[in-house]
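A.B. asks: structure here, sequence nowhere to be found:
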């Protein structure tokens, strides 16, 4: 293997409390040395000039849909991870709603196989129940051995109290977090947007905010009884965050993520029946959006995850109520975060890195990742926090283009992504 | 850049001047005296939902203007074989000059207008809008009242599922009327208040109807209830328009209903057939107003 010297950059590693100029030496897939600028002892085969750029531990996306196996017309592990690399993600956690559902060690191993052509690390999140049917628990021990880092039934949330208790208890024993897409589908009924004044005006049926927060409330209650680690996926309502705060106050081990679209947009974006704004959970009110920003600032929210959900044009260019839920987002997560939160002076770059790398790595227990401490895995994201650019959806590396970010101007651009010492994306 | 063809997707994008122009034009229209304004034009009536009144009305309106029409029912077309709205629209675009569309999905006409370049007329989409009905309702009111300004127009019943109530509210509000909605919580959520300026919610029917100039009754759309529970006896007791309740409105108040009307449910036979009822007049006016709409959208230079 080779040695790479990242020279002249600004190192931000929240896990080590680093926020200063430093040179970084990567050797054979690991971080060999963190040195004062110009003082690195090791010799390098390759030197990257990263002056003016931030050097951070590789980003970790807790929530992506790579669509493989089974739906490669939307995305494949190769194309999805290529988009991830362009977005600075060295690791992605792949949701189990593939075809077949990833509820077995065999599928988990298949997804991790080299032949899939993944450009970044793929950490499968395996199904919590067999077939994600919400009835019988899957083989958590076997799944963990095969490489799963968490369990979740994602879009088919575990509604049954008893099954959720069992899942929390077994996952705790095995040492995996339970990720819940909190939605009482008996209340939300697959409705295409948030319930409120906008849905009334558009004549669309809505998902009440309660269908999310009541489920968060229940899950936290069960987690307080069963122990284990609960991670709330893509929080979208102010009340859900309130539940997370209450849970933490009573020492429940609960973490939460938010997507860029939930801190950028509101339900009003649906006003023209533009299906690029249709996702689940739906865009909520301005008050909810503001609560997401506040939660990112005050620490209630631990991580930013994309919920990258690619769909083909024919699945989106249809009537609003018939369109598929979800948007792509791997390539703009950093830019969205910097533009909405750092550029506006609300959070530091250290907090940005914490939300995109340190915390998500911790949540799914990625040892040696989420930090650039000497000896850790050489997963590195290099970005320019000031760079102004326009996202062109036509240039995406994803197989799908279902996102509303095309033409949007952002601050903050990923310049290179390194996975285990290998440069997988570069604009240097 | 090519100018976007004119479409009628809803009332919201119109201003009061445009509305009054269509209504003024409708006054000069008469289906028994056919015109040649749209001679040689082909209009597709693309119906994804059953309809008697609206489809017939548009068809007669188009023919009275000299246009030829083709009716496409979703159940008898390629649509049933799984063709998308996009492909159906593109196919039609190459052989017709305009599409009148009725669709169960809110926003379908908006989608269609984004995908193809010929004028689209929304003949009712889901729970969203029914602009031609709103225009004919306003036209009917203006046959009895000098203006809509300051009128108290009360709409009673299943507001939630009603595209007519939504389009009416936008139109009546633009023309300066007070729009009073009355119905039970499940059929009339508080969020309806934000629909348009001047919308009020009054839950008690007596209070709502008191001093009204226009009483618009709506049918409970059983087919759209999707699990909502309505106690029919209770509904009738609280929201049925009876002769006694109608007495609370102004003496010269008119009673309207966009149809289809379920006698014995939202109104009694007595009210349905009373002299104040203008329900049948609405139907006749529908043709005139739709002639005016088609003339406005398609009548200019080719």
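C.D. replies: Arrived safely. Keep in mind it's a predicted model, so treat the numbers as computed, not measured. Residues are numbered from 1 along each chain as shown, chains lettered A, B, ... in the order given.

A.B. asks: do you have the strands of the stretch 151-300 of chain B handy? List them.
C.D. replies: Assigned by DSSP state E, counting those that start in this stretch, the strands in the stretch 151-300 of chain B fall at B:152-156, B:178-182, B:199-201, B:214-217, B:254-256.

A.B. asks: wait, the stretch 51-200 of chain A
C.D. replies: Using DSSP E, counting those that start in this stretch, strands in the stretch 51-200 of chain A cover A:54-57, A:59-64, A:89-94, A:121-126, A:150-151, A:178-180, A:193-194.

A.B. asks: so for the fourth one, mean pLDDT?
C.D. replies: To tie it back to what came earlier, the one meant is strand A:121-126. Mean per-residue pLDDT for strand A:121-126: 98.

A.B. asks: packing partners of that strand?
C.D. replies: For strand A:121-126, the packing partners by 3 or more Cβ pairs under 8 Å, 6 or more residues apart in numbering or on different chains; DSSP states H and E come out as strand A:89-94, helix A:105-112, helix A:140-146, strand A:150-151. Where C-beta positions appear, they are placed from N, C-alpha and C, glycine not excepted.

A.B. asks: off-centre distance for the longest one?
C.D. replies: Right, helix A:105-112. Computed by Cα atoms, centre = their mean, to the nearest Å, the chain-centroid distance of helix A:105-112 equals 20 Å.

A.B. asks: and that helix with strand A:89-94, angle?
C.D. replies: Counting by axes from the mean of the first three to the mean of the last three Cα atoms, to 10 degrees, helix A:105-112 lies at 150 degrees to strand A:89-94.

A.B. asks: flag the shaky bits of chain A, pLDDT-wise.
C.D. replies: A:1 (pLDDT under 70).

A.B. asks: ok, and what's touching the helix or strand encompassing residue A:337?
C.D. replies: Residue A:337 is part of helix A:333-337 when elements are defined by DSSP states H and E. Applying Cβ atoms under 8 Å, 6 or more residues apart in numbering or on different chains, the set of residues contacting helix A:333-337 from outside is A:59, A:61, A:87-89, A:260, A:263-264, A:304, A:306, A:329, A:352, A:355-356, A:381, A:383, A:389, A:391, A:405, A:410-414.

A.B. asks: if you set the cut-off to 6 Å instead, what comes out?
C.D. replies: A:87, A:88, A:260, A:264, A:304, A:306, A:352, A:383, A:410, A:412, A:414 (Cβ atoms under 6 Å, 6 or more residues apart in numbering or on different chains).

A.B. asks: could you look up the SS state of residue A:242?
C.D. replies: helix (DSSP: H, G, I helix; E, B strand; the rest coil).

A.B. asks: centroid residue for the chain?
C.D. replies: All of this refers to chain A. Closest to where the C-alpha atoms of chain A average out (Cα atoms, centre = their mean) is residue A:305, at 2.4 Å.

A.B. asks: oops, chain B please
C.D. replies: residue B:133 (2.4 Å).

A.B. asks: for the closest residue to it other than its chain neighbours, give me its contacts.
C.D. replies: In this structure, residue B:133 finds its nearest non-sequential neighbour in residue B:164, 5.0 Å apart by Cβ to Cβ, 6 or more residues apart in numbering or on different chains. Contacts for residue B:164 (Cβ under 6 Å, 6+ apart) come out as B:130, B:133, B:258.

A.B. asks: please redo it, this time with the cut-off set to 10 Å
C.D. replies: B:124, B:127, B:129-131, B:133-134, B:137, B:155, B:216, B:218-219, B:256-259 (Cβ atoms under 10 Å, 6 or more residues apart in numbering or on different chains).

A.B. asks: domain-wise, how is the chain divided?
C.D. replies: Since you didn't name a chain, this refers to chain A. Taking automatic domain parsing as the domain assignment, the ranges for chain A are A:3-55+A:377-386+A:409-426, A:57-363.

A.B. asks: not quite, go with chain B.
C.D. replies: If you go by automatic domain parsing, chain B breaks into B:16-129+B:285-298, B:131-282.

A.B. asks: the nearest residue to residue A:108 once chain neighbours are set aside: how many residues sit nearby?
C.D. replies: For residue A:108, ignoring the flanking residues on the chain, the nearest one in space by Cβ to Cβ, 6+ apart is residue A:146 at 4.0 Å. By the measure other Cβ atoms under 10 Å in any protein chain shown, the count of residues near residue A:146 is 20.

A.B. asks: how far away is residue A:146 from residue A:155?
C.D. replies: 22 Å (Cβ to Cβ, to the nearest Å).

A.B. asks: on that earlier part again, could you identify which of the domains of chain A is most buried?
C.D. replies: domain A:57-363 (a mean of 22; mean count of other Cβ atoms under 10 Å in any protein chain shown).

A.B. asks: next, format the domains of chain A as TSV and append distance to residue B:225.
C.D. replies: Shown next, in TSV, are the domains of chain A (distance: least, Cβ to Cβ, whole Å):
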stretch	distance to residue B:225
domain A:3-55+A:377-386+A:409-426	45
domain A:57-363	11
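
A.B. asks: buried residues, the lengthiest helix in chain B. List them.
C.D. replies: Criterion DSSP state H: the longest helix present in chain B is helix B:279-298. For helix B:279-298, burial by neighbour count (16 or more other Cβ atoms under 10 Å in any protein chain shown) applies to B:279, B:281-283, B:285-298.

A.B. asks: what separates residue A:348 from residue A:178, distance-wise?
C.D. replies: 31 Å.

A.B. asks: cool, and residue A:257?
C.D. replies: Residue A:257 is 13 Å from residue A:178, by Cβ to Cβ.

A.B. asks: if we can go back for a sec, output the contacting helices and strands for the longest helix of chain B.
C.D. replies: With contacts defined as 3 or more Cβ pairs under 10 Å, 6 or more residues apart in numbering or on different chains; DSSP states H and E, helix B:279-298 has these neighbours: helix B:16-27, helix B:53-64, strand B:98-103, strand B:120-125, helix B:131-144, strand B:254-256.

A.B. asks: redo the ones you listed as a markdown table? Include mean pLDDT and distance to residue A:333.
C.D. replies: Listed next are the helices and strands packed on helix B:279-298 as a markdown table, based on pLDDT from 0 to 100; distance: least, Cβ to Cβ, whole Å:
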| stretch | mean pLDDT | distance to residue A:333 |
| --- | --- | --- |
| helix B:16-27 | 97 | 44 |
| helix B:53-64 | 96 | 47 |
| strand B:98-103 | 98 | 36 |
| strand B:120-125 | 98 | 35 |
| helix B:131-144 | 98 | 41 |
| strand B:254-256 | 97 | 53 |
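
A.B. asks: deepest in the core, which of these is it.
C.D. replies: strand B:120-125 (a mean of 28).

A.B. asks: now do that one: which elements does it pack against?
C.D. replies: strand B:42-47, helix B:53-64, strand B:98-103, helix B:108-115, helix B:131-144, helix B:163-174, helix B:279-298.

A.B. asks: any idea how far that strand is from the chain center?
C.D. replies: Counting by Cα atoms, centre = their mean, strand B:120-125 comes out at 10 Å from the chain centroid.
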